[in-house]
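>>> Based on what follows, work out the 3D shape:
(chains A, B, C and D)
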Protein chains: 4
Amino acid sequence: MIIVLKRDASDQDITHILDTVQGWGFDTNISRGVERTVIGIIGDESLLRNKPLEVFPGVESVLRVLKPYKLASREARADRTRIRIPPVTEGADPVEIGGQAVTVIAGPCSVENRDLLFEIAQFVKEHGAHVLRAGAFKPRTSPYSFQGLGAEGLRLLSEVRREVGLPVITEVMDTKDVDLVAETADILQIGARNMQNFNLLRAVGRIRKPVLIKRGMSATLEELLMSAEYVMCEGNHQVILCERGIRTFEPFTRNTVDISAVPVIRRESHLPVMVDPSHGTGHWDLVAPMAYAAVAAGADGIIVELHPRPEEALSDGPQALLPKRFAGMMEELGRLSPAVGRSL
Amino acid sequence: MIIVLKRDASDQDITHILDTVQGWGFDTNISRGVERTVIGIIGDESLLRNKPLEVFPGVESVLRVLKPYKLASREARADRTRIRIPPVTEGADPVEIGGQAVTVIAGPCSVENRDLLFEIAQFVKEHGAHVLRAGAFKPRTSPYSFQGLGAEGLRLLSEVRREVGLPVITEVMDTKDVDLVAETADILQIGARNMQNFNLLRAVGRIRKPVLIKRGMSATLEELLMSAEYVMCEGNHQVILCERGIRTFEPFTRNTVDISAVPVIRRESHLPVMVDPSHGTGHWDLVAPMAYAAVAAGADGIIVELHPRPEEALSDGPQALLPKRFAGMMEELGRLSPAVGRSL
Amino acid sequence: MIIVLKRDASDQDITHILDTVQGWGFDTNISRGVERTVIGIIGDESLLRNKPLEVFPGVESVLRVLKPYKLASREARADRTRIRIPPVTEGADPVEIGGQAVTVIAGPCSVENRDLLFEIAQFVKEHGAHVLRAGAFKPRTSPYSFQGLGAEGLRLLSEVRREVGLPVITEVMDTKDVDLVAETADILQIGARNMQNFNLLRAVGRIRKPVLIKRGMSATLEELLMSAEYVMCEGNHQVILCERGIRTFEPFTRNTVDISAVPVIRRESHLPVMVDPSHGTGHWDLVAPMAYAAVAAGADGIIVELHPRPEEALSDGPQALLPKRFAGMMEELGRLSPAVGRSL
Amino acid sequence: MIIVLKRDASDQDITHILDTVQGWGFDTNISRGVERTVIGIIGDESLLRNKPLEVFPGVESVLRVLKPYKLASREARADRTRIRIPPVTEGADPVEIGGQAVTVIAGPCSVENRDLLFEIAQFVKEHGAHVLRAGAFKPRTSPYSFQGLGAEGLRLLSEVRREVGLPVITEVMDTKDVDLVAETADILQIGARNMQNFNLLRAVGRIRKPVLIKRGMSATLEELLMSAEYVMCEGNHQVILCERGIRTFEPFTRNTVDISAVPVIRRESHLPVMVDPSHGTGHWDLVAPMAYAAVAAGADGIIVELHPRPEEALSDGPQALLPKRFAGMMEELGRLSPAVGRSL
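As a prediction, the model looks like this:
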């Protein structure tokens, strides 16, 4: 960590800083420049991060040298993390997220009823999806909107999972539901609004199933990696990161999908990274182009919503792909993936 | 609700929309303009909001006529909500938030230890603060930062509350802690990161103590009002809204305090609105000017952090006011408030 | 245009609005709903846009039905605009932007000196670039930074253009330089900071060379299309739009490249759309992945910066590709383009 | 400037950096920490800023120690800049911006016609405004909107200025109009969209009249100060900075007025700072509360729009105050200013 002093910092200010920092057990290094004096602190920066050095008299600014994430960082392991989802049906292949293949997660926004879920699950499996998504607990901006079927939704999801033979991902919104959701889900999803629900992150860190964390609408990528760190700290290293659009001033799209999150996360971390172009754009006609962009940029997979009759969808109808459009997108992805060194 | 049709919408598209909407029990009204045909839908718009009209063939856009909040809206009640906090010490005056007087909530970021909390509480009371703030459960970006004293912190807060005779506000982060926090707190705080933790909102809606909701870092004011709606829906109408800075591109401040949130909320809602200039700016030297701005713009109160020795603070030291600066700010507010028609 | 009235709008308010609007020559249509009365105005909306209907007594909000762009809009022409850049060397092929082929524009950030420009131009031509970019007039945040070689830079650019046989694009920053720049440039660039320099837009609208407009850092796509409209209004319909990153809170990247701008512009307009991943990300290691993302999402081309010795670059060194990395990117694009139905 | 090296930087990388930097004439200082080696560079940082140190092999990041502005910075002069506008009528008092008094600039958005301008000028003078504002050249998002009366507007402004005896501020949008505008204007305004029109900044830096620079919609405060630096570099030190709202995701307001810009600029610079709550909010009912907030936060003045018949305004009617509301606001400001240590 580096402390830049004010131009008018006194010798007394400097002595006070050096004494305090050395008292904490760190070495220091002082450099007197033309316009500013700079103090370098040598030692474990993570211990220093919580010290409010900015408020010491004479301090102009404090510059951090290291990234705050450890377990999630690229330096923590040499190779990339690959997350293995065991097959639902005996004898089937496991799904691997973060390897050479692009993973496609697809399904309806919400579990609405058994028949619809079965119909969609069957369809996406036939067209090459690897994991089924569907929400039982739904975070909705309005208390007057459909809030999901809850436990009953999980039960339906569990049935369809077994019958169709697809692993499932579903969202958990409350610490008290983690065990319940983990009984059904092959992957637990932490939604964007809960990316900094730290109790929930710790709770899913204590189970032993993969966790997909969606980036919060105004979260920096550093904060997303710190949320992964919360889960990993508790011992669960099976974390998948998911870009799903950030909030900007642009009104044509519901959010702005930050595709550059993909190469940045690949550089900063060993964890797999996926993209959700459905929530990211909010409009079905933008979903396929953004899915192609994600894969071309190096994403380990995509997560998309579809509905056979969007006019009747209980949530997020405008962003749902029609099944035939999902099928078309899968065909395109089948051509695109090998051109960027991946398989589908 | 108004549906704007595409220029090339067919008669069949129009008939399909009219039939469906009328089948849901709404009246319709069709207006054929020079470039576009427009369908007005007459009836309870809140029932229509969940229908994905955007996906119907021939629809270009859907325009909503009404605001989505009801209980929180200005139209829901004629006068402004005043929230009464009963006195802690028998015979003392109650605190009223949302009335003619400006309410000052002050205290340390976190409960660190008994003595420090007592020292600060005593000081802020002497200088005119009405409510003591201090966090026992702390949401921290990093799992390696001080996470608060938890239940032990609540116990200390409870003791100091009684001894000093100041009502307290403290944050609740998890549905499972709501009852515990409500035992100590006179006001429960929902932090910015939990503004859309809907289960938590419902949970605090079921108790009968005032709730202060901080605006999420990327939440629109409409979403903030919808979060109030979640609490009010459950029967708890004692909701205070709090602007605490939104995330923008500006690096000089930790967040950008949106002072215009104050007059907008006063126009849109009957609920009291406060401002937190400490988290809003992240720098102690900006706290007082922004507190004055908040009161001048019509805020019902401010919530600020102070610490006698910021160099030793376990969290958010850089934004903590020194006690003498807090005292100076209170004097200035004492001059400013009457000039804008308020008392302190 | 649709006027939503306040719940308590009086009959007098309504009569005043109807009379005024009819006095302007529009037809009206009134619909009385359960909670609100709504007035539809029938006629040319562009004439109404400048009327401050929001301030009429009793008006709650004004909803616009049509998009404000006309010449730039999808409805203005059936096919997509293809812009033809005549060959520099007689007998060579023209470059077409907006057709089936992906166009690659490449070069140094600035014209630094003749030899360097020649070296880069030669290299990018050999590796398949279609147009050479290089700035003679440079917009720089600091007056103490290199400001470009100006007229001398244009002269060098003109020489290299002829010798190497590549059309060139370069920025014009001032109305007084439009003619000068147009003498050399095959395409004139309007930089992000000048996207709403309306005099400059009109000035380049009066020449008869293609114009590439970069999206402003905080410009909505509607505003970008309106800037195109300024150019087209003056008679110059050869406009190319370019996404180059918008300003958000994310610090890992200099800007956030909004890849969804590509499919949105293709839906809203007939004009070609390109992406600049160099300025968009600010880091050379993110340039190639974002170039692939742009092409996969449907961009008509990319514009990238390279430099053989970034350590010596006079501007934007950190985002410059090394020549060998540019060559690698071109190879990848050669594989990717056909997989998404384009040629390179 | 400080260079943080990658964990795996080689000795050769370090030698290369040291040699290069020393070759440029700087001293260096190397500090080997537990996890990273850090190189401090001693010398004039402004000379280093343009060197792309980020691209040197082995470099992880480059930390700047100094602020990039010099003439505009607090360190450049001990006292605050006070800008004196000579009186229009002989014998009248000059206006001083940046002193103890709050300056009020008011007027219509545009010069529409002589009578209206005279009526408004007379009114604002009677109610205590110090400077008249009105646009002759108008930057408008749409080419189909009223573009201002141009030179004829300046002529009318000049007449009214003399007759009413109020100094005027008006916008200049093009380098070629600087001399023309400077003939009439007592203060030249650089609009938000031109904050980084560097040629225009240089041009107004060469005249000897005060210049008010509005913050761009997505400009950081550092960038705003750098734009002031462009003007000051050319010899014109009479610069006023103006916060007028930044672009965020919040739709209730046209922009988000960043009131914290006021104390930040006062800390970072000696230049006067004003606030424009009319453009900042876009709604007349928010103008007065935000004007109070600005003054309470320490602004040296406000700039507001009014119109006697907003229904007929040719531009920005929705944000125009009615004269009676302007008069009311002035009365409130008369009470508020002394309470915060200012006069009006």
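>>> where do the strands sit along chain A?
For chain A, the strands defined by DSSP state E occupy A:2-5, A:27-32, A:37-42, A:59-63, A:83-85, A:95-97, A:103-107, A:131-133, A:168-171, A:187-190, A:211-214, A:239-243, A:273-275, A:301-305.
>>> Kindly tell me how buried the residue in the stretch 101-250 of chain A positioned nearest to chain B is, as a neighbour count.
Nearest residue of the stretch 101-250 of chain A to chain B, counting by Cβ to the nearest Cβ: residue A:218, 3.1 Å away. Backbone N, C-alpha and C define where each C-beta goes, glycine included. Look at residue A:218: counted by other Cβ atoms under 10 Å in any protein chain shown, it has 24 neighbours.
>>> What of residue A:309?
13.
>>> ok, now residue A:70?
17.
>>> same thing with residue A:251?
By other Cβ under 10 Å, neighbour count at residue A:251 equals 11.
>>> separation between it and chain B?
11 Å (Cβ to the nearest Cβ, to the nearest Å).
>>> Provide a list of residues in contact with the residue lying closest to that residue once chain neighbours are set aside.
Leaving aside its chain neighbours, residue A:251 sits nearest to residue C:220 (6.3 Å; criterion: Cβ to Cβ, 6 or more residues apart in numbering or on different chains). Residues in contact with residue C:220 (Cβ atoms under 8 Å, 6 or more residues apart in numbering or on different chains) are A:249, A:250, A:251, A:252.
>>> about what we covered before: ok, the residue of the stretch 101-250 of chain A closest to chain B - contacts?
A:246, A:247, B:216, B:217, B:218, B:246, B:247, C:249.
>>> count of neighbours near the fourth one?
Neighbourhood size, residue B:217 [other Cβ under 10 Å]: 24.
>>> Residue A:326 too?
28.
>>> thought it was touching residue A:127?
Yes: using Cβ atoms under 8 Å, residue A:326 is in contact with residue A:127, at 6.5 Å.
>>> List the contacts of the residue in the stretch 201-344 of chain A that chain B sits nearest to.
When scored by Cβ to the nearest Cβ, the stretch 201-344 of chain A has residue A:317 as its residue closest to chain B, at 2.5 Å. Residues counted as contacts of residue A:317 (Cβ under 8 Å, 6+ apart) are A:307, A:310, A:311, B:51, B:52, B:54, B:55.
>>> Equivalent analysis for residue A:260, please.
A:297, C:252, C:253, C:256, C:257, C:280, C:281, C:286, C:289, C:290.
>>> quick check, nearest of those to residue B:240?
Distances from residue B:240 to those, taken as Cβ to Cβ, are shortest for residue C:256 (34.1 Å).
>>> Now for the residue nearest to the closest one when sequence neighbours are not counted, how many residues are close by?
In space, residue C:256 comes closest to residue C:248 once its chain neighbours are excluded; the distance is 4.4 Å by Cβ to Cβ, 6+ apart. Residues contacting residue C:248 under the criterion other Cβ under 10 Å number 25.
>>> Extract the C-alpha set from stretch A:291-298 and format it as CSV.
Written as CSV, here are the backbone C-alpha positions of stretch A:291-298 (Å, rounded to 0.1, in the frame of the first residue of the first chain):
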residue,chain,number,x,y,z
ALA,A,291,-25.6,-14.7,-27.1
TYR,A,292,-23.3,-14.9,-30.1
ALA,A,293,-21.4,-11.9,-28.9
ALA,A,294,-20.9,-13.6,-25.5
VAL,A,295,-19.6,-16.8,-27.0
ALA,A,296,-17.3,-15.0,-29.4
ALA,A,297,-15.9,-13.0,-26.5
GLY,A,298,-15.0,-16.2,-24.7
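>>> Give me the contacts around that stretch.
By Cβ under 8 Å, 6+ apart, stretch A:291-298 touches A:102, A:243, A:257, A:259-260, A:262-263, A:266, A:273-275, A:277, A:302, A:304, A:329, A:332-333, A:336-337, A:340, A:342, C:259, C:262, C:289-290, C:292-297, C:336, C:340.
>>> Sort out for me which of these are in helices.
Mapping the contacts of stretch A:291-298 onto helices (DSSP state H) picks out A:262-263, A:266, A:277, A:329, A:332-333, A:336-337, C:262, C:289-290, C:292-296, C:336.
>>> Does stretch A:172-188 reach chain B?
Yes: interface with chain B: stretch A:172-188 contributes A:173, A:174, A:175, A:176 (Cβ under 8 Å from any Cβ of the partner chain).
>>> that older thread, which one among the contacts of residue A:317 gets closest to residue A:107?
residue A:307 (9.4 Å).
>>> Quick check: the closest one vs residue B:178, distance?
For residue A:307, the distance to residue B:178 (Cβ to Cβ, to the nearest Å) stands at 36 Å.
>>> Compare neighbour counts for those two and give me the winner.
residue A:307 (28 against 21).
>>> wait, that one sits on residue A:107?
No: when contacts are counted by Cβ under 8 Å, residue A:307 is not listed as touching residue A:107 (9.4 Å).
>>> Spit out the residues that contact these two alike.
With Cβ under 8 Å, 6+ apart as the test, residue A:307 and residue A:107 both reach residue A:120.
>>> Please save the CA atoms from the lowest-mean-pLDDT helix or strand in chain A in PDB.
In chain A, no helix or strand scores lower on mean pLDDT, DSSP states H and E than helix A:45-48, which sits at a mean of 78. What follows is helix A:45-48, C-alpha atoms only, in PDB (Å, rounded to 0.1, in the frame of the first residue of the first chain):
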ATOM      1  CA  GLU A  45      -1.900  -5.600   2.300                       C
ATOM      2  CA  SER A  46      -5.100  -7.400   3.200                       C
ATOM      3  CA  LEU A  47      -4.400  -6.600   6.900                       C
ATOM      4  CA  LEU A  48      -4.000  -2.900   6.000                       C
END
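>>> So is it next to chain D?
Yes: Helix A:45-48 is in contact with chain D by Cβ under 8 Å from any Cβ, via residue A:45.
>>> packing partners for that helix?
For helix A:45-48, there is no helix or strand it packs on, judged by 3 or more Cβ pairs under 8 Å, 6 or more residues apart in numbering or on different chains; DSSP states H and E.
>>> Work out the gap between it and the centre of the chain.
Relative to its parent chain, helix A:45-48 has a centroid offset of 26 Å by Cα atoms, centre = their mean, to the nearest Å.
>>> Which one of the residues of stretch A:172-188 next to chain B is nearest to chain D?
For those, the nearest to chain D is residue A:173 (23.3 Å; Cβ to the nearest Cβ).
>>> Distance of the spatially closest residue to that closest one that is not a sequence neighbour relative to residue C:82?
The spatially closest residue to residue A:173, leaving aside those adjacent along the chain, is residue A:137, at 4.7 Å (Cβ to Cβ, 6+ apart). From residue A:137 across to residue C:82, the span is 50 Å (Cβ to Cβ).
>>> Could you list the low-pLDDT ranges of chain A?
For chain A, no stretch is flagged by pLDDT under 70.
>>> Within range of chain C, give me the residues from it.
Going by Cβ under 8 Å from any Cβ, the residues of chain A near chain C are A:218, A:220-222, A:246, A:248-253, A:256-260, A:262-264, A:267-268, A:280-281, A:285-286, A:289-290, A:292-298, A:332, A:335-336, A:338-340.
>>> before we move on, back to that, can I get the contacts of residue A:260 in TSV including neighbour count?
Output for these, formatted as TSV (neighbours: other Cβ atoms under 10 Å in any protein chain shown):
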residue	neighbour count
A:297	30
C:252	20
C:253	21
C:256	25
C:257	31
C:280	32
C:281	27
C:286	25
C:289	26
C:290	29
